[in-house]
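Undergrad: return atomic coordinates for the entry below.
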Amino acid sequence: MKQKNHAAGFEVRKIIRTIMLSAGWLVAAAAQLYAVLLLNLHWNLFDWSPKLDYNTAVYAIGIVISLCEIWFLGKFSRDKISWCAAVPACLILAWIAIHLLPAEPVTSGLWLSRSQSNPLWFRGGITLFLCMPGIFCFWWIRRHITAGKSFFAEQ
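TA: Numbering: from 1, shown residues only. Down below sits the predicted model:
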């Protein structure tokens with residue numbers, strides 16, 4: 001009887017762990033997107049004007065913290081349900097990054113005019129920061145598969 005209770009407790013812990021990992025992936029991806037978009041808006045809302053101030057530091061720290069979260073989530077995710085939350089979240093971030101890569105058109109006028117678009121290094125950095133979760137995710141999936149573990153087998 002004690003053996004059955006122990007096995008049932010293990011299954012409950014495994015389910016809770018999977019739910020927490022899946023939620024963690026979604027929250028970390030949303031935090032990454034939020035920090036990158038706030039930095040983009042702070043430096044590039046109406047015209048390109050980078051400012052090194054308190055807000056920029058907060059956004060940069062938010063980007064680094066969310067990337068660290070994603071690294072550790074990738075390291076500890078071993079079940080296919082949490083990967084089913086991670087892969088779409090990372091693909092959505094990469095899709096947004098690709099759409100943010102082109103330069104904005106330079107326009108004139110009174111409303112929403114732009115004298116210059118943001119530089120390529122900024123757009124490339126935004127793209128890199130939004131694609132890094134996918135790089136981390138697929139890195140850990142590859143490591144899991146090359147370790148001889150079947151990715152689609154029950155954990």
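Undergrad: what's around Asp79, how many residues?
TA: Asp79: 15 surrounding residues under other Cβ atoms under 10 Å. (C-beta placed from N, C-alpha, C; glycine too.)
Undergrad: do you know the pLDDT at it?
TA: Per-residue pLDDT puts Asp79 at 83.
Undergrad: gap between it and Arg17?
TA: Look at Asp79 and Arg17: by Cβ to Cβ, to the nearest Å, they are 8 Å apart.
Undergrad: how about Phe76?
TA: Distance, Phe76 to Arg17, by Cβ to Cβ: 9 Å.
Undergrad: and what of Ile98?
TA: Distance, Ile98 to Arg17, by Cβ to Cβ: 33 Å.
Undergrad: out of these two, which sits in the more crowded spot?
TA: Arg17 (15 against 12).
Undergrad: what about the most centrally placed residue in the chain, which helix or strand?
TA: For the chain, the residue nearest the mean C-alpha position is Ala29 (3.4 Å; Cα atoms, centre = their mean). Assigned by DSSP states H and E, Ala29 belongs to helix 2-44.
Undergrad: next one: that helix to chain centre, how far?
TA: Offset of helix 2-44 from its chain centre (Cα atoms, centre = their mean, to the nearest Å): 12 Å.
Undergrad: residue ranges with poor pLDDT in the chain?
TA: Scanning the chain with the threshold set as pLDDT under 70 gives 1-7, 109-113, 149-155.
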